[in-house]
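A.B. asks: Below is the sequence, then the predicted model.
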2 protein chains.
Amino acid sequence: MPIRLKDLAMKTGYSISTISRALLGYKDVSSETRQKIKEAAKKHDYYPYQSARQLRAGKTYVVGFLIPTYGMRFSDPFFIELLTGIGDGAAAENYDVLVGTSPEGGSEIEAYKRIVAGGRVDGVIITRTKKSDKRVEYLLKAHIPFVLLGRTSDKPDVAFIDIDSKSGIRLLTEHLIKIGHRKIGFITSPDGLVFTQYRNEGYREALKNSGINYNPAFIKAGDLTQETGKILGLELLKQQNRPTAIVAANDLTALGIYSAANQLGLKIGSDISICGYDGIALAENAHPSLTTIQVPIYEIGRQLFDMLYKIMNNRPLKQRQILLPPQPVIRNSVGPPQKKEKQG
Amino acid sequence: MPIRLKDLAMKTGYSISTISRALLGYKDVSSETRQKIKEAAKKHDYYPYQSARQLRAGKTYVVGFLIPTYGMRFSDPFFIELLTGIGDGAAAENYDVLVGTSPEGGSEIEAYKRIVAGGRVDGVIITRTKKSDKRVEYLLKAHIPFVLLGRTSDKPDVAFIDIDSKSGIRLLTEHLIKIGHRKIGFITSPDGLVFTQYRNEGYREALKNSGINYNPAFIKAGDLTQETGKILGLELLKQQNRPTAIVAANDLTALGIYSAANQLGLKIGSDISICGYDGIALAENAHPSLTTIQVPIYEIGRQLFDMLYKIMNNRPLKQRQILLPPQPVIRNSVGPPQKKEKQG
DNA sequence: CTGTTAGCGCCTTCAG
DNA sequence: CTGAAGGCGCTAACAG
């Protein structure tokens, strides 16, 4: 049985409220008693009972984070890194993180309602924003603080952090063009996601700026998983007139393309160039190491919590909307196209 | 502002307690009123306020799960899959999952105390058990329900699920021996972890049964990360008399060895055979696909929650200790040793 | 400087 | 069948 204020009162002889104030560091309790009380608390491993504190304060000191799972075998390491950042940020302020798994689609909002209307959290962190995001609408209506990883189109004022992924994909694509590629494939992300639009634009812009025609046969829409990256990579690379380079919407997809290329006996970095996006640890350690946009995932996690913390506690926020510049990391997965390939 | 019982009372004209009982399905309220009340509740999106419910019930309906992070760039997809399983299991019973990030070592117990003694959770799920696990000791002392993923040596009665990884590693090693390997390296996991001991034993047993000498130069202790797998893989493979096969303590390490092998120009599956352990999605999609022990991670997550749920609610538990048989999956990352290699 | 008191929202006796 | 009342543990306003 954990110790409660009542128990400390018994043991020290002080009243419950004196104990409470002493532990909270109020100045209207003599330093001597405070000392004694704090010692007793430490000795008996006292930790305030959260449910009571929450009820009293009308706050939970918990933030919610729903993992956007696609089916059971969801395993994008991106989210563990992000979660670690969020968790460490939260721990630093004595907050906890409530993690939910929300099946994409129908019951997703229901999961948010349960968490939010049930008063389980003081704020929410949302990822993989959609163009007009039902979750954002709901959270605005519920007047609960939230921050987004990624923008959302129709609500101009919401707090977010995002990477300028339009520029990111454009930079990668431009790099490929610069080193000689003309036939550049693109495996993009699901249609509803906001960043899909940006990444698509970045790709098209790079082509356009270089006067390369947009070839629909070189574009596939994936679901950000490695498995799909492999399947679509095979589709792209088995074409007669196949691309000499492929840009993927995330690293996991890119690693899927690795498998496809390997399976077809194409040497990555020379026969076929491949770029990803995210900069997960696997990207660096892949062979060859993956060219990608290095997203500081852990730091973004911390910063997301930090913004949310300030919003929840009405602290001033320097910037409500942060758009980070993309950081391309050129590694060995890209190289000039093979001479024997016909360009066009 | 979310709706509370008081609000429903105002709107329907019934008293708070009648509303409460109606929503909880008590039979001592007329079906007509119950109907009306339930409709009103649904219409206004009523969800009981957790803090109050928790305080009243002395329960939180929350389970805790601390991710064992090693430094910031922790990103083993194993844990996302596990977390998804736990989360889905919890959601099915209307429980939530509190995820903490615990820096391994000093403050780890402190993190548990905060969660447990602070009454933030009703139960805890522990992974990566250690030989004599301080966390287990604490949780036993605190009388809070918990389940382990992995065994622990000194407490015979605790509830756990584990894979028989001794047999698992033995089977993989035996397979390698069967197809002709004699020089088999092993990159194991950190010393303190319980499963390290089992996996080491499995490796040694396989060698011993085949009369192969244990060669310390073929053994390295890693930390289960890909990065270390690469580093240690290079160490193993750069030796004059290098192994023709390497068994890794987990898939991530094995993928690190992939990088090492690729870097050295060794063809995986012929020049060098590699085995992992866990069966993460990346293993299947790697190139070549990774031979491993397929651990049903998601299902184990669900089952862990299920066991914990039953313990927390004093339901009968069929089995308190579950030791699953290992399921080897032989894929293309292993093959017979090259003839030109000298065996010995 | 310290103790008494009230109340957060919910559930559950107990009265009626 | 329904309403009133108490109390979970904590904090903060108010007395003394």
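C.D. replies: Nice, thanks for sending it over. Numbers count the residues shown, from 1 in each chain, chains lettered A, B, ... in the order given.
A.B. asks: Outline the domain layout of chain A.
C.D. replies: A:5-57, A:62-163+A:297-324, A:165-294 (automatic domain parsing).
A.B. asks: Please identify which of those domains is closest to residue B:186.
C.D. replies: Using C-beta to C-beta as the measure, domain A:165-294 is the one of these that comes nearest residue B:186, at 20.0 Å. The way it works is simple: take the backbone N, C-alpha and C, and place the C-beta from them, glycine included.
A.B. asks: Any part of that closest one near chain B?
C.D. replies: Yes - residues of domain A:165-294 are located near chain B by C-beta under 8 Å from any C-beta of the partner chain, namely A:225-227, A:230, A:255-256, A:258-259, A:262-263, A:280-282, A:285-288.
A.B. asks: In ChimeraX, select just the buried ones from the residues you listed.
C.D. replies: The ChimeraX selection below is limited to those of these classed as buried (16 or more other C-beta atoms under 10 Å in any protein chain shown):
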select /A:225,226,227,230,255,256,258,259,262,280,281,282,285,286,287,288
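A.B. asks: Which ones among the residues of domain A:165-294 next to chain B also lie next to DNA strand C?
C.D. replies: By C-beta under 7 Å from any atom of the strand, no member of those lies near DNA strand C.
A.B. asks: Inside strands: which ones of the residues of domain A:165-294 next to chain B?
C.D. replies: Using DSSP state E, no member of the residues of domain A:165-294 next to chain B falls in strands.
A.B. asks: where does the stretch 201-344 of chain A dip in pLDDT?
C.D. replies: Scanning the stretch 201-344 of chain A for pLDDT under 70 picks out A:340-344.
A.B. asks: cutoff 90 now
C.D. replies: A:281, A:285-287, A:314, A:338-344 (pLDDT under 90).
A.B. asks: DNA strand D contacts on chain A?
C.D. replies: A:4-6, A:16-17, A:20-21, A:23-24, A:48-49, A:52-53, A:55-57.
A.B. asks: So whatever helix or strand residue A:88 lives in, near chain B or not?
C.D. replies: Here residue A:88 is covered by helix A:77-92, with elements defined by DSSP states H and E. Yes - looking at helix A:77-92 against chain B by C-beta under 8 Å from any C-beta, the contacts come from A:77, A:78, A:79, A:80, A:81, A:83, A:84, A:85, A:87, A:88, A:91.
A.B. asks: mind putting those in TSV, neighbour count included?
C.D. replies: Shown next, in TSV, are the residues of helix A:77-92 next to chain B (neighbours: other C-beta atoms under 10 Å in any protein chain shown):
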residue	neighbour count
A:77	27
A:78	23
A:79	27
A:80	30
A:81	27
A:83	27
A:84	24
A:85	23
A:87	27
A:88	20
A:91	19
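A.B. asks: now the residues you listed in TSV, with distance to residue B:325 and pLDDT?
C.D. replies: TSV is the format used below for the residues of helix A:77-92 next to chain B (distance: C-beta to C-beta, whole Å; pLDDT from 0 to 100):
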residue	distance to residue B:325	pLDDT
A:77	28	88
A:78	33	91
A:79	30	91
A:80	28	89
A:81	33	91
A:83	31	93
A:84	32	91
A:85	37	93
A:87	34	92
A:88	37	90
A:91	38	88
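A.B. asks: Can you tell me which of those lies closest to residue B:292?
C.D. replies: Distances from residue B:292 to those, taken by C-beta to C-beta, are shortest for residue A:77, at 17.1 Å.
A.B. asks: which residues in chain A form helices?
C.D. replies: Applying DSSP state H to chain A gives helices spanning A:5-12, A:16-24, A:31-43, A:50-57, A:77-92, A:108-117, A:134-142, A:165-178, A:194-209, A:226-237, A:251-263, A:281-285, A:297-312.
A.B. asks: Tell me the buried residues in the first one?
C.D. replies: Yep, that's helix A:5-12 we're talking about. Judged by neighbour count using 16+ other C-beta under 10 Å, the buried positions of helix A:5-12 are A:5, A:7, A:8, A:9, A:12.
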